[in-house]
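Colleague: below is the sequence, then the predicted model.
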Amino acid sequence: MTRYEIPTDTRSWIGERYWSDDELLRDAHRRFAEVGPNIEVSNDTGAFLATLVRASGARRVLEVGTLMGYSAVWMARALPADGHLDTLELVDAHADFAEGLLRDAGLDERVTVHRGLAIETLRTLEGPYDLVFIDADKGGYVDYLERALELVRPGGVIVADNVSWSGRVADPGNEEPDTLALRRYHDAITGNSRLHSNVLPIGDGVAVSVVLG
Ligand code: SAH
Ligand code: MG
């Protein structure tokens, strides 16, 4: 078996062409460091989310966990002009920053930031969505998946970030609550015959589950 690994300098070469942040996003990372944790997706994950939005022909996208609005900008830029992203955030300081960034990016009409506990907002939203991106508290992932299964159309996609959890998911000695929650998420997507699931080794691990018709 051949094992492939892209060398670091090749990753840079590719990244410059496909995954680069523009000045608006670079500046946003810097400014957000004063507001909250820089735990947004990696730029290759952001670019991948944009590709998924385009490849699935998504018009309605739902994101659980907004933070600074970084992944929201990648996805909203990939939507058609009549598309819409609903993104859910608990912390007001994060939601405030994200709304400012989305305004600066000219995307404020294409994105709605919903404040409050995601599980409560999820009850009020109506499908069908084409794509759901789960990236909030890890303890909530399985509940978000359950609601996503009700909201996503057949053929739509459910995506989850941090499914490697910096390698902790595969460390049998690690039993931290978030690690256990992420293992339960893996069990839930692999054990569900309505889903075709895969994990991409980008960023902190990205699970992609296609909802079968
Ligand atoms: N998707 C973002 C990163 C999200 S980080 C990006 O890549 O740019 C996770 C976010 O989820 C944080 O902003 C955190 O405040 C939010 N969060 C945590 N628990 C939540 C909950 N129960 N409901 C809604 N948002 C929550
Ligand atoms: Mg994440």
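Modeller: All right, it came through fine. Ligands and ions are numbered 1, 2, ... in the order given.

Colleague: can you list the residues of this structure near ligand 2?
Modeller: Residues of the chain found near ligand 2, taking C-beta under 5 Å from the ion as the criterion, are Asp135, Asp161, Asn162. For every residue, glycine as well, the C-beta is placed using N, CA and C.

Colleague: which of those fall within helices?
Modeller: Residues of the residues of the chain next to ligand 2 located in helices (DSSP state H): none.

Colleague: can I get the buried part of those residues as one ChimeraX selection?
Modeller: Buried subset of those, written as a ChimeraX selection, criterion 16 or more other C-beta atoms under 10 Å:
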select :135,161,162
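
Colleague: go ahead and confirm Ser71 touches Asn43.
Modeller: No - with contact defined as C-beta atoms under 8 Å, Ser71 does not reach Asn43; the gap is 10.2 Å.

Colleague: show me the strands in this structure, by range?
Modeller: 60-64, 84-89, 111-115, 129-134, 152-161, 195-200, 206-211 (DSSP state E).

Colleague: I'd like those strands written out as JSON lines, with mean pLDDT added.
Modeller: Below are the strands of the chain laid out as JSON lines (pLDDT from 0 to 100):
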{"stretch": "strand 60-64", "mean pLDDT": "99"}
{"stretch": "strand 84-89", "mean pLDDT": "98"}
{"stretch": "strand 111-115", "mean pLDDT": "98"}
{"stretch": "strand 129-134", "mean pLDDT": "98"}
{"stretch": "strand 152-161", "mean pLDDT": "98"}
{"stretch": "strand 195-200", "mean pLDDT": "98"}
{"stretch": "strand 206-211", "mean pLDDT": "98"}
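
Colleague: looking at the ones you listed, spot the one closest to ligand 1.
Modeller: strand 84-89 (5.0 Å; C-beta to the nearest ligand atom).

Colleague: name the residues of this protein found near ligand 1, please.
Modeller: 39-41, 65-68, 70-71, 88-91, 94, 117-118, 135-137, 140 (C-beta under 6 Å from any ligand atom).

Colleague: what about burial for those residues, which qualify?
Modeller: Members of the residues of the chain next to ligand 1 classed as buried by 16+ other C-beta under 10 Å are 40-41, 65-68, 70-71, 88-90, 94, 118, 135-137, 140.

Colleague: separation between Arg60 and Ser42?
Modeller: Per C-beta to C-beta, to the nearest Å, Arg60 is found 25 Å from Ser42.

Colleague: compare these two (neighbour count), which wins?
Modeller: Neighbour tally, Arg60 and Ser42, criterion other C-beta atoms under 10 Å: the higher count belongs to Arg60, 21 against 17.

Colleague: nearest residue to the more buried one other than its sequence neighbours?
Modeller: Tyr129 (4.8 Å; C-beta to C-beta, 6 or more residues apart in numbering).

Colleague: which residues does the residue in the chain that ligand 2 sits nearest to bridge with?
Modeller: Minimum separation of the chain from ligand 2 (C-beta to the ion) falls at Asp161, amounting to 3.6 Å. Counting by DSSP bridges, Asp161 forms beta bridges with Val206.

Colleague: so it sits against Ala136, correct?
Modeller: No - using C-beta under 8 Å, Asp161 is not in contact with Ala136, being 9.4 Å away.
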